[in-house]
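Colleague: need coordinates for the following:
(2 chains)
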Amino acid sequence: MKKNATATVLQVIILVLCAVMCAGSKLVFHACGAKDDGSFMTCHWAEQALFGIGCALAASAVIMLIVRRPKTKSGVALGMIPVSAVYALVPGRLINLCMMTDMRCHSVMKPAAMILGILLAVICAVYAFVTRNDD
Amino acid sequence: MKRSKNIAVRNIAGKPLRSAVLVILAALLSLTVCAGTLIVRSLRSGLDSLEARLGADVMVVPKEASQKQSFENIVLQGSTGYFYMDKSLMDKVTGRDGVGKSSPQFFLASASAGCCSIPVQIIGFDPDTDFTITPWIKRSYGGELGLFDVVIGNDLNAFVGDSIKFYGVDCRVAAKLDKTGTNFDTAVFTNADTIKQLIRASLDLGMNSFESLDPDNSVSCVLINSDGTRSPEEIVNDINVHVKKVRAFRTGDMISGISSSLSGVSDVIGVMIAAVWLLGLVILLLAFTMSVNERKKEFAVLRAAGASRGKLASVVMQEAVITGLAGSIAGALLGIAAIVPFSKAIENALGLPFLTPDIASAAVPAVMSVLLSAAVCALAAAVSAVRISRIDTALILRGDN
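Modeller: Here you go, the predicted structure:
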């Protein structure tokens, strides 16, 4: 496969992954619902943080597609690596989750955030490596 | 980029779409074996763990409780709920012939625990007579549980030394238990004195449905082991005939329901794996046959250029092994990533005990599925490799194939 095609495919994968990380945190692997009294448990704030970071990552992915200079694209990809790591670490490590680990936040949100965060970091690193000599 | 001198590698890189399809097929085969094996193993470990947790031949509960649908989940798996019977019934039960060891248990569902709105099951036991929970707790905690000391299941997000409040009473976490893969992982265990205080606190707050309950003269269930003179079945029949207001069960019979569900799930998974493999094998055979057919002229040119028949077969086999291995490894990793981190979600969805192996143990089915899937790719390619090694170069190059 041509190098440019590889880079384009990777950029599209990054964009899709970021969109999943952003929308998924609210629609698919969201945290537990509100308590009976209407208040939220801590996992709700972890979900909010995931959504915020997901939006930032999705915006970075769009920027990556729009800009033309390969070095700028690589820079954006490299910048997304630590942000992805933060995304993976938010539920359960940076923000505490509920008390019982069989609750949704522990059983679905935490592993999903971990897997997606690591996957994005790896793909961004691969992108930066593949395009390291592009000018 | 440096180009590989290996013909098989260049063939793979030269046809990215075809290679991607073969890699995805190999990944699918490996994923189904790896994930399927992990699920079946986890279900079996969960059932073994549940059997080990029960540890009694017979369980006696109040008759009203035995008619509730949630009863089996409460006593078997530690789901939330509670029921009580008079302590005098326990004395009648333990006085029957053939009863060896016996010990009462007390159940209470908390209104909330810390930040969570979902209640946890609190199980009380008598440390002097208990023979089911104590051996399990001893593995994590060697000391004696004092008043308001609790031992928590592995899935509760609290740690030794933390304080948990139940019905306004602060309890100290003395130990955290090993994982069992059942709802016992979210239960809290404590001694009889503490749970009686907690039941009293729930009554004082008006949050217990048994309003006229006397915690000192009530138990939730009695666990019994036979003394060897009578079989558990005889003890069950004797208690059910001679002691009113209670119902006795053989714990083995109670587990058989879960065991048959597990066997059903295992069978479904087995059939799915077989179907995917059959389909995958057929598609792989077709894919390699088509791939070799469309490149007959390329192979004929190689043959004319001096490549031996063995070399042509080797190129086809190398392509198959490289794509097969790449796909199989990706599929196995995907299988582990889909099962191990989401084990709790799977357990909740299946409603069966589910104890996933650790990463090291999960590596065994992963490696097995990689080897199996790569071998199937090689097998599917072998047919094409044999055919291509027998091509009539002149005929192909003339176009009369």
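
Colleague: only C-alpha atoms from now on, for both contacts and neighbour counts.
Modeller: Will do.

Colleague: next, give phi and psi for the residue of chain A most remote from its centre.
Modeller: Residue farthest from the centre of chain A, counting by Cα atoms, centre = their mean, is A:Asp37 at 31.6 Å. Phi and psi for A:Asp37, reported as degrees, to the nearest 10, are phi -80, psi 0.

Colleague: any idea how far chain B is from it?
Modeller: Per Cα to the nearest Cα, to the nearest Å, A:Asp37 is found 9 Å from chain B.

Colleague: so where's the stretch 301-401 of chain B uncertain?
Modeller: Low-confidence segments of the stretch 301-401 of chain B (pLDDT under 70): B:399-401.

Colleague: write out the residues of it neighbouring chain A.
Modeller: B:337, B:341-345, B:348 (Cα under 8 Å from any Cα of the partner chain).

Colleague: so who does the residue farthest from the centre of chain A touch?
Modeller: Contact analysis of A:Asp37 by Cα atoms under 8 Å, 6 or more residues apart in numbering or on different chains lists nothing.

Colleague: for chain A, what spans make up the helices?
Modeller: Taking DSSP state H, the helices of chain A run over residues A:3-27, A:42-66, A:70-89, A:104, A:110-130.

Colleague: no no, chain B
Modeller: Using DSSP H, the helices of chain B run over B:7-14, B:16-54, B:63-66, B:71-72, B:87-94, B:134-138, B:192-204, B:232-242, B:251-293, B:296-304, B:309-339, B:343-350, B:359-389, B:393-398.

Colleague: now tabulate those in CSV and tack on mean neighbour count.
Modeller: Rendered in CSV, the data for these read as follows (neighbours: other Cα atoms under 10 Å in any protein chain shown):
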stretch, mean neighbour count
helix B:7-14, 16
helix B:16-54, 22
helix B:63-66, 16
helix B:71-72, 18
helix B:87-94, 17
helix B:134-138, 16
helix B:192-204, 20
helix B:232-242, 17
helix B:251-293, 16
helix B:296-304, 18
helix B:309-339, 22
helix B:343-350, 19
helix B:359-389, 20
helix B:393-398, 14
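
Colleague: where in the chain is the helix or strand with the lowest mean pLDDT?
Modeller: If you meant another chain, say so; for now it's chain A. Within chain A, judged by mean pLDDT, DSSP states H and E, the helix or strand with the poorest mean is helix A:104; its value is a mean of 88.

Colleague: ah, I was thinking of chain B
Modeller: Taking mean pLDDT, DSSP H and E as the measure, the helix or strand of chain B with the lowest value is helix B:71-72, at a mean of 72.

Colleague: got the contact list for the longest strand along chain B?
Modeller: Criterion DSSP state E: the longest strand present in chain B is strand B:99-109. Strand B:99-109 is contacted from outside by B:80-84, B:90, B:94, B:119-126, B:129-131, B:192, B:195, B:199, B:219-228, B:235, using Cα under 8 Å, 6+ apart.

Colleague: give me the sheet partners of it and which way each runs.
Modeller: Strand B:99-109 has the following strand partners under DSSP bridges: strand B:121-125 (antiparallel), strand B:221-226 (antiparallel).

Colleague: run the chain-centre distance for the last one.
Modeller: Its chain's C-alpha centre and that of strand B:221-226 lie 28 Å apart, by Cα atoms, centre = their mean, to the nearest Å.

Colleague: the shortest one too?
Modeller: Relative to the chain's own centre, strand B:121-125 is displaced by 24 Å; criterion: Cα atoms, centre = their mean.

Colleague: then stretch B:346-357?
Modeller: Its chain's C-alpha centre and that of stretch B:346-357 lie 4 Å apart, by Cα atoms, centre = their mean.

Colleague: and stretch A:83-98, by the same measure?
Modeller: Worked out by Cα atoms, centre = their mean, stretch A:83-98 lies 11 Å from the chain centre.

Colleague: now do stretch A:60-80
Modeller: Computed by Cα atoms, centre = their mean, the chain-centroid distance of stretch A:60-80 equals 15 Å.

Colleague: what's in contact with that stretch?
Modeller: If you take Cα under 8 Å, 6+ apart as the criterion, stretch A:60-80 is touched by A:11, A:14-15, A:18, A:57, A:121, A:124-125, A:127-128, A:131-132, A:134-135.

Colleague: can you list the low-confidence ranges for chain B?
Modeller: Low-confidence segments of chain B (pLDDT under 70): B:1-5, B:53, B:68-70, B:76-78, B:112-118, B:254, B:399-401.

Colleague: okay, now residue 67: neighbour count?
Modeller: Because you didn't say which chain, this covers chain A. 12 (other Cα atoms under 10 Å in any protein chain shown).

Colleague: you answered for a different chain; I wanted chain B.
Modeller: Neighbour count for B:Gln67, taken as other Cα under 10 Å: 11.

Colleague: check what pLDDT A:Ala59 gets.
Modeller: Looking at A:Ala59, its pLDDT is 97.

Colleague: number of residues surrounding it?
Modeller: 15.

Colleague: any weak-confidence spans in chain A?
Modeller: Filtered on pLDDT under 70, chain A yields the residue ranges A:1-3.

Colleague: residue contacts, residue 25?
Modeller: In the absence of a named chain, this looks at chain A. Taking Cα under 8 Å, 6+ apart as the test, what A:Ser25 contacts is A:31, A:47, A:50-51, A:54, A:109.

Colleague: the chain in question should be chain B.
Modeller: Counted by Cα under 8 Å, 6+ apart, B:Leu25 has contacts B:280, B:284, B:327.

Colleague: now do 10 Å
Modeller: Going by Cα atoms under 10 Å, 6 or more residues apart in numbering or on different chains, B:Leu25 touches B:19, B:31, B:276-277, B:279-281, B:283-284, B:287, B:323-324, B:327-328, B:331, B:373, B:377.

Colleague: residues from chain A in reach of chain B?
Modeller: A:1-3, A:32-37, A:40-43, A:92, A:96-112, A:114-115, A:130, A:133 (Cα under 10 Å from any Cα of the partner chain).

Colleague: mind giving me the domain ranges of chain B?
Modeller: B:7-49+B:258-398, B:53-251 (automatic domain parsing).

Colleague: and the first one, how far apart are its ends?
Modeller: Looking back up the chat, that one is domain B:7-49+B:258-398. Taking Cα to Cα, to the nearest Å as the measure, domain B:7-49+B:258-398 stretches 24 Å from start to finish.
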